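Novice: I would like the atomic coordinates for the input below:
(one chain, ligands or ions: 1)
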Amino acid sequence: MKRSRRALYVAVLGLLSAILAGCSSPQDLTLTIPSNPAFEPAVLSVRAGQQLRLTIKNDGKNNTDKHNFVLVRGGEDVMRDVTSAVTAAINQVGSASDYLPIKERDLAKILVHIKGIDPGKSETITFDAPPAGTYMFMCTYGRHWSYGMVGTLTVEP
Ligand SMILES: [Cu+2]
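Specialist: Now for the predicted structure:
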């Protein structure tokens, strides 16, 4: 009798911890964009599969300080592909491109993105961290990547 009760406790504890693990809250991350276009901090580190809640705060003061956030599915080579595709899109349709690629195969190289954020505003996006690796992010407005508005998301296994 005593033994079976103990077994029940163990089973209930196991079930509870499984439920708690499933309900684990997302990890909050914040990127701030100062008046001088940049992401602060420029390096983020997370665990693979962790749910993330990323907030981007645009602290720019001028009306022209609009920025976006584009996280690509890889490192610098993938970022270069995407910047070429964005440049092609802008040349083709201007700001109607939303500073994103037009072709599906280029869009597929983007993991997540947040559209243009006005100065003084912030936006939040929730997503799951990709598999372990290094992922680049950037702002594609006005080719801001070329002014160093880039950063790295490091995903640990
Ligand atoms: Cu920007």
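Novice: Name the residues of this structure found near the ion, please.
Specialist: Neighbours of the ion within the chain, by C-beta under 5 Å from the ion: 37, 67, 139, 141, 144, 149. From N, CA and C alone the C-beta is placed, and that goes for glycine too.
Novice: from what I can see the third one touches residue 70, true?
Specialist: Yes - counting by C-beta atoms under 8 Å, residue 139 does reach residue 70; the two are 7.2 Å apart.
Novice: Report the separation between residue 85 and residue 77.
Specialist: Applying C-beta to C-beta, to the nearest Å, the value for residue 85 to residue 77 is 13 Å.
Novice: quick one, which of these two is more surrounded?
Specialist: residue 85 (21 against 10; other C-beta atoms under 10 Å).
Novice: Now do the SS call for the more buried one.
Specialist: helix (DSSP: H, G, I helix; E, B strand; the rest coil).
Novice: Number the chain from 742, please
Specialist: From this message on, residue numbering opens at 742, which makes the last subject residue 826.
Novice: doesn't residue 890 make contact with residue 778?
Specialist: Yes - taking contacts as C-beta under 8 Å, residue 778 lies within contact range of residue 890: 4.7 Å.
Novice: so what sits against both of those two?
Specialist: 808, 880 (C-beta atoms under 8 Å, 6 or more residues apart in numbering).
Novice: rewinding a little: so which of the residues of the chain next to the ion sit within strands?
Specialist: residue 808 (DSSP state E).
Novice: out of the residues of the chain next to the ion, which are buried?
Specialist: Buried by 16 or more other C-beta atoms under 10 Å: 778, 808, 880, 882, 885, 890, out of the residues of the chain next to the ion.
Novice: Kindly present those residues as CSV, with separate columns for pLDDT.
Specialist: Output for these, formatted as CSV (pLDDT from 0 to 100):
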residue, pLDDT
778, 88
808, 96
880, 97
882, 93
885, 94
890, 96
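Novice: what ranges do the helices span in the protein?
Specialist: 743-763, 817-834, 845-848 (DSSP state H).
Novice: got the CA coordinates for the shortest one in PDB?
Specialist: These are the backbone C-alpha positions of helix 845-848, laid out as PDB (Å, rounded to 0.1, in the frame of the first residue of the first chain):
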ATOM      1  CA  GLU A 845       9.700  33.600 -53.000                       C
ATOM      2  CA  ARG A 846      13.100  31.900 -53.000                       C
ATOM      3  CA  ASP A 847      14.700  35.000 -51.500                       C
ATOM      4  CA  LEU A 848      11.900  35.500 -49.000                       C
END
